[in-house]
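[1] Below are the sequence and a predicted model; questions follow.
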Amino acid sequence: MDFDFLGDTMMKLLAGVPLTLQLTAISVAIGAALAILLAVLRAVSRPGEYFVRFYVFCLRGTPLLLQIFLIYYGLGQFAFVRESILWPFLRQPYWCAILALSLNTAAYGSEIVRGGLQSVPAGAIEAARAAGMSKLLMYRRIILPLALRQALPAYGNEMVIMVKSTSLASIVTLMEVSGISYAIISETYRALEVFLCAGSIYLVINFLITRAVAAVEYRITPHLRPVST
């Protein structure tokens, strides 16, 4: 094992960590907002339910790699897209990757949030209605906080998946951790050492995310903590 090569490779790969974190953070933030919107839309509207079902079916039923290709290579085929104000963004691989990742995680996240909404106790909803809350206020003060608390552990898994999914952004020339890995391998033909370094970086990132989610979960669920004697 060439430790000098491993150290040099690790330093090169660490240069791609900021881009990996950017792609993850922005995609998860946009995707979470869309997921909540889609889950609520599915719960309150019958036409909205049909739309969300179709959206989730398409995004969960096709590979993320294909979705990135369709957005990056496909949108530019339409003249109205090239002539729109969005074209300066959609012609850049960075924003195409973020769009694909966000739409994909929104589909999975909406199902997670929907499960959280369904887990809200009926008694809490009845109590909110008895207190005279409007539907909007009830969602804001009672239903969504309880649903998000129930959905947090599963959504933590989705965040971990998104970190790993950012590796597909290298397909559209983004030099995040995986993109730099492929470049190094093409020069050195030492795939094992390079992928070991890349894998260790992803492991550390995902470990930190799982610990952060666990800390948030611990903070918002005081009633589940063991009683000290």
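    That came through, no problem.
[2] Now residue 114: closest residue in space that isn't a chain neighbour?
    residue 39 (4.6 Å; C-beta to C-beta, 6 or more residues apart in numbering). The way it works is simple: take the backbone N, C-alpha and C, and place the C-beta from them, glycine included.
[3] For residue 109, see how far away the one you found is.
    Distance, residue 39 to residue 109, by C-beta to C-beta, to the nearest Å: 8 Å.
[4] Likewise for residue 5?
    Distance, residue 5 to residue 109, by C-beta to C-beta: 40 Å.
[5] more neighbours, these two?
    Under the criterion of other C-beta atoms under 10 Å, the comparison of residue 5 against residue 109 puts residue 109 first, with 27 against 15.
[6] Could you check the helix or strand harbouring residue 114 and say which residues are buried?
    Per DSSP states H and E: residue 114 is located in helix 93-118. Buried residues in helix 93-118, counted by 16 or more other C-beta atoms under 10 Å: 93-114, 116-117.
[7] before we move on, what about stretch 35-55?
    35, 36, 38, 39, 40, 41, 42, 43, 52, 55.
[8] Just those residues: which are in strands?
    Counting by DSSP state E, no part of these is found in strands.
[9] Export these to CSV and append columns for pLDDT and distance to residue 61.
    Formatted as CSV, the buried residues of stretch 35-55 follow (pLDDT from 0 to 100; distance: C-beta to C-beta, whole Å):
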residue, pLDDT, distance to residue 61
35, 93, 17
36, 90, 22
38, 94, 16
39, 90, 18
40, 87, 23
41, 91, 20
42, 91, 17
43, 85, 22
52, 95, 14
55, 96, 11
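[10] Tell me the one of those nearest residue 185?
    Here the nearest of these to residue 185, counting by C-beta to C-beta, is residue 35; it sits at 35.3 Å.
[11] Just the pLDDT for the closest residue to residue 40 other than its chain neighbours.
    Nearest non-adjacent residue to residue 40, counting by C-beta to C-beta, 6+ apart: residue 139, 6.8 Å away. Looking at residue 139, its pLDDT is 83.
[12] so how many other residues sit close to residue 139?
    19.
[13] Quick one: end-to-end distance for stretch 89-97.
    11 Å (C-alpha to C-alpha, to the nearest Å).
[14] pLDDT of that stretch, averaged?
    Here stretch 89-97 scores 92 as its mean pLDDT.
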